[in-house]
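S.K.: my questions are about this predicted structure, shown below with the sequence.
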Amino acid sequence: MVDLPNQVGPMCDWPQIKAVDGALDCLKHLSLQARCHLATNAEESTEVQIRNALQRAGLSDYISQVFCRENLGVGKTDSSYYPKIISRLGVKASQVTMVGDSLERDVLAPMSAGLQGIWFNPSCQECGQDIKSVEQLTCFIS
C-alpha cells in the first residue's frame, strides 16, 4: 500500500487508497505457490481496519493473515516482532520470506530473526551489503 501524503488516521478511512504498482499481479502470482501474509507497522489501524483497506485496494483475497501492532502487541522495531509471527504461523523462520520497502525493518530485522529478506527498492538505492533486492514487484512474476 502507498502511504499517501497528508493522510492521517486508519488507511481504510482515507478518501483514496492506492496499492503499490504491481502489487496485485505479484500477489496473484505468489499466492498460487505460497501463502501470502501482511506484516505491517501500522500504528493507527486495527487488524479489521487493515483488512478493510486491503479490500478497498483489491488485495485482500490474496492475504491470508495480517500481523500488526494490535494483534502482536509489538511493532516492527521490537526484536520479538518476527519471532511472534513465525510462532503464529507454526513454521521454521527459514521458510518465510519478507518482502518490504524498508531495508532496516523489512529486510535486516527479519534476517536477524532467521527469515529470508528481499528489499523492494524501486529507487535503486545502494545498501553495501549482500541483500537481495527488486526494483519492481512484477519481478516475482516469471
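M.R.: Thanks, I have the structure now. Numbering: from 1, shown residues only.
S.K.: how about the strands in the chain?
M.R.: Using DSSP state E, the strands assigned to the chain run over residues 38-39, 66-67, 97-100, 116-120, 132-134.
S.K.: turn those strands into CSV, columns for mean pLDDT, mean neighbour count and distance to residue 56.
M.R.: Where you see a C-beta, it was placed from the backbone N, CA and C, and this is true even at glycine. Supplementary listing: the strands of the chain in CSV, determined by pLDDT from 0 to 100; neighbours: other CB atoms under 10 Å; distance: least, CB to CB, whole Å:
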stretch, mean pLDDT, mean neighbour count, distance to residue 56
strand 38-39, 97, 20, 14
strand 66-67, 98, 22, 14
strand 97-100, 96, 19, 21
strand 116-120, 95, 20, 21
strand 132-134, 93, 16, 25
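S.K.: could you export those strands as JSON lines, including distance to residue 126?
M.R.: Output for the strands of the chain, formatted as JSON lines (distance: least, CB to CB, whole Å):
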{"stretch": "strand 38-39", "distance to residue 126": "25"}
{"stretch": "strand 66-67", "distance to residue 126": "29"}
{"stretch": "strand 97-100", "distance to residue 126": "18"}
{"stretch": "strand 116-120", "distance to residue 126": "11"}
{"stretch": "strand 132-134", "distance to residue 126": "10"}
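S.K.: so where's the chain shaky on pLDDT?
M.R.: For the chain, the stretches with pLDDT under 70 are 142.
S.K.: ok, longest helix in it?
M.R.: Within the chain, and with DSSP state H defining each element, the longest helix by residue count is helix 47-57.
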